[in-house]
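Asks: here's my sequence, what's the structure:
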Amino acid sequence: MDAIVALSRERIENGSMSFFRAARLFPTDLRESAYLLYAWCRHCDDEIDGQILGHASPLPDGAGARNPREEGPAPQEERLAVLREKTMAALAGEARDPVFIGLQRVVKAHGICERYPLDLIEGMAMDVRGRTYACLDDTLNYAYHVAGVVGLMMAGIMGVRDRATLERACDLGIAFQLTNIARDVVPDAVRGRVYLPADWLANERVPVSETALARHRPAVFKTTERLLAVADEYYVSAAGGVGRLPYRAAWAVAAARRVYWGIGSIIRERGEAAWDCRASASRASHLAALAIASAEAAALIAMNGRRRPKPRIGLWTPSHLWLN
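Replies: You can find the predicted model right below:
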């Protein structure tokens, strides 16, 4: 394992134990590419949010939590411009920083469509610009840009090229992000970001504001349950793609799917207290998911050999799936 892969492995191990444990199931070459891709995604997210591995940056004693809104627009816009510039350099084979060299390797080794990394940068831009989400399609569009596209890149690492399987990979990424949105509703609102559809909140008579979301928890939880129900549809659809992967890859994806879907169940069980502390899967849950996913992956692969996955009816899909 060279230095860049080792650094990337450290980032995923400290940034997301769920994805780290799932990635360890991949064969060595795919596992290292997954580390490299995660490190770049994590770096982009941290740069925009002013965080370290998804957590608030350490500040001097007495300082409050860092809020990106307090910086003014220029610093975030400047960081976004640097991310876009370095990402484009990586796509041109001219990366210099380790995390972007990692992206460069992944794109070259697996023939990843160059549109996908740039789509993720556009997702970062949505946060910088303070985009609002009037309806579910707006929220799903955001989920595609920051997570669905990661599913597409991971599918590329696994050698997927057919549209049907790419759609399912995108579905899983979208499901992951909807789960993230659900578990971070109140913390995100404190940072000035509300991803729940505004028309859904209006139906519950909740204004789109930080204070309103914290004050109207019963109504906000009801809206969050609606979002988790949509995530469920995407998790179900994603299973149709798992059976089209090689076994080790299918096992890893099935495990990650089961762990993240379980986080949605934790949110539901907590009810209005869902945001008192961040919902996460326990070590025991991870181990159980790994065991169950092993049999699930084998069953889905066997099932795929007998019949085609159910059609994706009624699910939002990006207007493009760019193929090489």
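
Asks: quickly list the domain ranges of the protein.
Replies: As assigned by automatic domain parsing, the chain contains the domains 1-57+66-110, 132-324.

Asks: so which of those domains comes closest to Glu122?
Replies: domain 132-324 (5.5 Å; Cβ to Cβ). In short, each C-beta sits where N, CA and C put it, glycine included.

Asks: quick check: mean pLDDT of that closest one?
Replies: Averaging pLDDT along domain 132-324 gives 92.

Asks: if we can go back for a sec, make CSV out of the domains of the chain and add distance to Leu120 and mean neighbour count.
Replies: Output for the domains of the chain, formatted as CSV (distance: least, Cβ to Cβ, whole Å; neighbours: other Cβ atoms under 10 Å):
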stretch, distance to Leu120, mean neighbour count
domain 1-57+66-110, 7, 18
domain 132-324, 5, 19
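
Asks: can you show me the helices along the stretch 1-150 of the chain?
Replies: 3-15, 17-23, 28-49, 73-91, 98-110, 115-129, 136-143, 149-157 (DSSP state H, counting those that start in this stretch).

Asks: in JSON lines: those, plus distance to Ala281.
Replies: Shown next, in JSON lines, are the helices of the stretch 1-150 of the chain (distance: least, Cβ to Cβ, whole Å):
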{"stretch": "helix 3-15", "distance to Ala281": "15"}
{"stretch": "helix 17-23", "distance to Ala281": "6"}
{"stretch": "helix 28-49", "distance to Ala281": "17"}
{"stretch": "helix 73-91", "distance to Ala281": "30"}
{"stretch": "helix 98-110", "distance to Ala281": "26"}
{"stretch": "helix 115-129", "distance to Ala281": "24"}
{"stretch": "helix 136-143", "distance to Ala281": "20"}
{"stretch": "helix 149-157", "distance to Ala281": "19"}
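
Asks: go through those helices and name the closest to Ala293.
Replies: When the helices of the stretch 1-150 of the chain are compared (using Cβ to Cβ), the closest one is helix 17-23, at 8.4 Å.

Asks: one step back: out of the helices of the stretch 1-150 of the chain, which gets nearest to Leu315?
Replies: Between Leu315 and the helices of the stretch 1-150 of the chain, the shortest gap by Cβ to Cβ is with helix 136-143, which sits at 8.9 Å.

Asks: tilt between that closest one and helix 115-129?
Replies: 120 degrees (axes from the mean of the first three to the mean of the last three Cα atoms, to 10 degrees).

Asks: show me how far helix 136-143 is from its chain's centre.
Replies: Distance of helix 136-143 from its chain centroid, counting by Cα atoms, centre = their mean, to the nearest Å, is 13 Å.

Asks: thinking again about what came up before, so which of the domains of the chain gets nearest Met126?
Replies: domain 132-324 (5.7 Å).

Asks: one step back: lowest average confidence across the helices of the stretch 1-150 of the chain, which one?
Replies: Lowest mean pLDDT of the helices of the stretch 1-150 of the chain: helix 17-23, a mean of 88.
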